[in-house]
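>>> Predicted model follows, preceded by the sequence.
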Amino acid sequence: MSRWTVKDLPDMSGRVVVVTGGGRGLGLETARELARVGAHVVLAVRSVAAGEQAAADIDGSTEVRRLDISDLTSVREFAGAWSGDLDVLVNNAGIMQVPLAFTADGFESQLATNYLGPFALTNLLLPHITDRVVSVSSQLHRMGHVHQDDLTGEHRTYKDIDGYTDSKLALTMFGLELQRRLEASGSSVRSIVAHPGIARTELASHSPSGRINRLGPLLNDTEHGALSLLFAATEDVAGGSYVGPRGLGSVKGHPKVRRPSRTARDTTTAATLFDLTAELTGTDFSASSTARPERAGG
């Protein structure tokens, strides 16, 4: 399928989807389209008021719940309050190239928001998830590094771009390693990694002087950037896939299954990183709680 668009979205009636950061940008566009085709979409956002304002413009079934993905207490509260099945979790919320700051847990904010929070949320919600987890990465994960001996960056000079690329590499490795652990446990739940190309969003506006957004027509707009997320969340793609735009360099275009970086495919490092992160966040994969019978549909 060379030009997959929102017209190709399957009927999602009866499905429940959580989109973190669903109140704006790629998350909002993803939530809007999933609700349009029948899903009940939960917008997991830091500001409930802002989330409700965004949800008011969505045609379909929505719900707004508070979640600060950078705060592990908030993550635990959100997951602890969940009951019933959750078909699809879209780990979309993220920040990019922000000044050095620390979360309530004492972690650097990009690491906490882009990686530690999604890791913890996914593992805590896995007993409820019936279909798939979509982790939203970036092509810039290819510039990242894994610092196993200094995961939190306490002993390194902070650089905002490194903080972003390292966190997105870690998230990509998590998404791929999660699939391996799901398969080993006998679970039919899928873990898929997606990226929007380089999209003109509020997230990209944090780049120095907003230079990414000024590239204009060379980039994906928000609507096209969300296509990769929607494709990963609804199409019958294999667990462990990496979905992104099909254009040159995977910068823009319609979605297809691509290939992540060589580093992201390093299974030994990914397994070690997963275990280190489980210890750091106090959350871990529970194989016994995720083994589910095969469910029909995408």
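On my side now, so go ahead.
>>> From here on, just use CA atoms for contacts and neighbour counts.
Will do.
>>> what ranges do the helices span in the stretch 51-200 of the chain?
72-80, 109-111, 117-125, 160-185 (DSSP state H, counting those that start in this stretch).
>>> Out of those helices, which gets nearest to Asp284?
Of all these, it is helix 117-125 that lies closest to Asp284, at 5.9 Å by CA to CA.
>>> Mind listing residues that contact stretch 140-159?
Contact with stretch 140-159 is made by 100, 107-108, 111, 162, 164-170, 172, 260-261, 263-264, 272-273, 276, as judged by CA atoms under 8 Å, 6 or more residues apart in numbering.
>>> again, only using 6 Å
For stretch 140-159, contacts defined as CA atoms under 6 Å, 6 or more residues apart in numbering pick out 165-166, 168-169, 261.
>>> which of these has the most neighbours?
Using other CA atoms under 10 Å as the neighbour criterion, Lys168 leads the contacts of stretch 140-159 with 30 neighbours.
>>> could you measure the nearest residue to Ser261 once chain neighbours are set aside against Gln179, distance?
Leaving aside its sequence neighbours, Ser261 sits nearest to Arg142 (CA to CA, 6 or more residues apart in numbering; 5.6 Å). Distance of Arg142 to Gln179, given as CA to CA, to the nearest Å: 20 Å.
>>> Between the two, which is the more surrounded one?
The neighbour comparison of Arg142 against Gln179 (other CA under 10 Å) goes to Gln179, with 23 against 17.
>>> quick one, what contacts that one?
Residues counted as contacts of Gln179 (CA under 6 Å, 6+ apart) are 191, 240.
>>> Look up how far Gln97 lies from it.
In terms of CA to CA, Gln179 sits 28 Å off from Gln97.
>>> for Asp105, same thing?
Distance, Asp105 to Gln97, by CA to CA: 20 Å.
>>> Residues contacting stretch 240-252, please?
Residues from elsewhere that reach stretch 240-252, judged by CA under 6 Å, 6+ apart: 176, 179, 191-198, 219-220, 228, 253-259.
>>> do stretch 24-41 as well
Contact with stretch 24-41 is made by 11-13, 15-18, 21-22, 58-62, 201, 222, 226, as judged by CA under 6 Å, 6+ apart.
>>> Is there a quick ChimeraX command that grabs whichever of the residues you listed are buried?
Applying 16 or more other CA atoms under 10 Å to these, the buried members can be selected in ChimeraX as follows:
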select :11,12,15,16,17,18,21,22,58,60,61,62,201,222,226
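>>> Go through the contacts of stretch 24-41 and flag which are in helices.
Judged by DSSP state H, the contacts of stretch 24-41 include 222, 226 as members of helices.
>>> Between its first and last residues, how far does stretch 262-272 reach?
Using CA to CA, the end-to-end distance of stretch 262-272 comes to 16 Å.
>>> Off-centre distance for that stretch?
Distance of stretch 262-272 from its chain centroid, counting by CA atoms, centre = their mean, to the nearest Å, is 18 Å.
>>> Please enumerate residues in contact with it?
Met173.
>>> Only the buried residues of that stretch, if you could.
Applying 16+ other CA under 10 Å to stretch 262-272 flags 263-264, 270-271 as buried.
>>> which of the residues in stretch 139-147 are buried?
For stretch 139-147, a neighbour-count test (16+ other CA under 10 Å) marks 139-142, 144-146 as buried.
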